[in-house]
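1. sequence first, then the predicted structure, then my questions.
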Amino acid sequence: MRPFLLLLAFVCAARLTAADLSTIRIWPGYRTAESFERISEFFTNRENASGMTLLRSQPDARAGYYFLTRIKNRGAEILDAHVELSVITPDSPKPKRLTAFPAVRIPEGSHAFEIGLTGTDWAGAAVEPVAWQLRLVSSSGEELLREQSFLWSDSSPK
């Protein structure tokens with residue numbers, strides 16, 4: 001009976017991974033390249049992420065439209081989640097899905113992520129998305145977390 005209980009506990013723990021993640025907040029907005037500069041970069045010649053995880057669709061470009069996302073993980077650390085960001089822009093009613101972000105580590109507790117559409121992936125400071133959806137997906141394809149703007153559910157072409 002004891003091995004069965006251990007197996008049951010392991011299966012339940014594995015299934016609780018998605019339920020253990022929640023979004024505290026998402027603040028979307030355009031950021032200039034200069035807004036990422038810190039004095040420490042002058043001395044070290046390396047970008048200072050200020051304790052956040054920076055994810056950019058084009059890693060060499062800093063300016064772009066970012067989703068500052070704070071996630072709370074009540075469970076064990078997740079080592080290989082993938083970010084999937086879909087955006088509807090004013091120039092097209094079809095969602096553009098971007099999954100070119102590297103795998104991310106989601107530590108226990110609360111952690112901030114700057115998820116950016118940078119370089120040629122974003123049209124400029126004056127452009128705002130019509131709607132967006134952000135998903136975290138495990139390496140096995142399980143959806144761990146999904147957040148979306150209010151208009152996302154009403155944005156599908158009819």
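-> Structure received.
2. who's residue 31 bridged to?
-> Beta-bridge pairing for residue 31 (DSSP bridges): residue 64.
3. does it touch residue 61 like I think?
-> No: with contact defined as Cβ atoms under 8 Å, residue 31 does not reach residue 61; the gap is 11.3 Å. (C-beta placed from N, C-alpha, C; glycine too.)
4. now do the strands in this structure.
-> 21-31, 53-56, 64-73, 78-89, 92-98, 104-106, 109-118, 131-137, 143-148 (DSSP state E).
5. figure out which of the ones you listed is closest to residue 125.
-> strand 21-31 (4.8 Å; Cβ to Cβ).
6. what is the closest one packed up against?
-> With contacts defined as 3 or more Cβ pairs under 8 Å, 6 or more residues apart in numbering; DSSP states H and E, strand 21-31 has these neighbours: strand 64-73, strand 109-118, strand 131-137, strand 143-148.
7. and the angle for it with strand 143-148?
-> 50 degrees (axes from the mean of the first three to the mean of the last three Cα atoms, to 10 degrees).
8. mind listing what's buried in strand 21-31?
-> The neighbour-count check on strand 21-31 (16 or more other Cβ atoms under 10 Å) flags 21, 26, 28, 30-31 as buried.
9. out of those, which two sit at the greatest distance?
-> Farthest pair in these, by Cβ to Cβ: 21 and 30, 26.6 Å.
10. look up how far residue 30 lies from the nearest residue to residue 144 once chain neighbours are set aside.
-> Excluding the flanking residues, the one nearest residue 144 by Cβ to Cβ, 6 or more residues apart in numbering is residue 136, at 4.4 Å. Using Cβ to Cβ, to the nearest Å, residue 136 is found at 23 Å from residue 30.
11. now swap in residue 102 and tell me
-> 22 Å.
12. and for residue 87?
-> 13 Å.
13. which residues are in contact with both of these two?
-> Common neighbours of residue 87 and residue 30, using Cβ atoms under 8 Å, 6 or more residues apart in numbering, are residue 65.
14. pretty sure residue 132 sits against residue 152.
-> Yes: with contact defined as Cβ under 8 Å, residue 132 and residue 152 form a contacting pair (6.5 Å).
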